[in-house]
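**Student:** Here is a sequence together with a model predicted from it:
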Amino acid sequence: MAGRQRIVIAKPGLDGHDRGAKVVARALRDAGHEVIYTGLRRTPEQIIMTAMDEDASFLGLSSLSGAHGHLFPKICKLLIEQGMGDVIVFAGGIIPEDDRKALYEAGIRAIFGPGTSTEEILSFIDEAVQKPSGVSVESGWKWQGL
């Protein structure tokens, strides 16, 4: 592992389902990372304030409601506006393939769908620490630097 990271896991919008976010948070915590879970129904501004207050290196966003196309880019934009463009943002939930390109272009570095193993997410964290930007060809995720 590339070292202990501070990771905020957030549920933006009105989505009330957080089991997946809690599973990811627990796996990251069990792997030695410091994880802050924001809870349900957070605004983009609340999420940015938490990431700022917690000095997060990573921000994991979860959405099952279909609002990812609006909320995730807004959160990435707010990070940049707050001088936090170095925070690595990853996403999970029900995100159709057709929506993913726009999310990557907005700054999301990885998208994990249903059935993703926690080992794959942990590998992404380790690789992202070692290679802060770029495209990973060997792995199952696609990511782009800001």
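**Tutor:** Looks like it came in fine.

**Student:** just the helices in the protein please.
**Tutor:** Taking DSSP state H, the helices of the chain run over residues 19-30, 44-53, 68-81, 97-106, 118-130.

**Student:** Compare these and report which one is nearest to F112.
**Tutor:** helix 118-130 (5.9 Å; Cβ to Cβ). For the C-beta atoms, the positions are set from N, CA and C on the backbone; glycine is no exception.

**Student:** ok, back up a step: please dump the helices of the chain into JSON lines; it should also carry distance to G13 for every row.
**Tutor:** Putting the helices of the chain into JSON lines (distance: least, Cβ to Cβ, whole Å) gives the following:
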{"stretch": "helix 19-30", "distance to G13": "13"}
{"stretch": "helix 44-53", "distance to G13": "9"}
{"stretch": "helix 68-81", "distance to G13": "5"}
{"stretch": "helix 97-106", "distance to G13": "15"}
{"stretch": "helix 118-130", "distance to G13": "21"}
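
**Student:** what's the closest of those helices to R6?
**Tutor:** Closest approach to R6 among those (Cβ to Cβ): helix 44-53, 9.0 Å.
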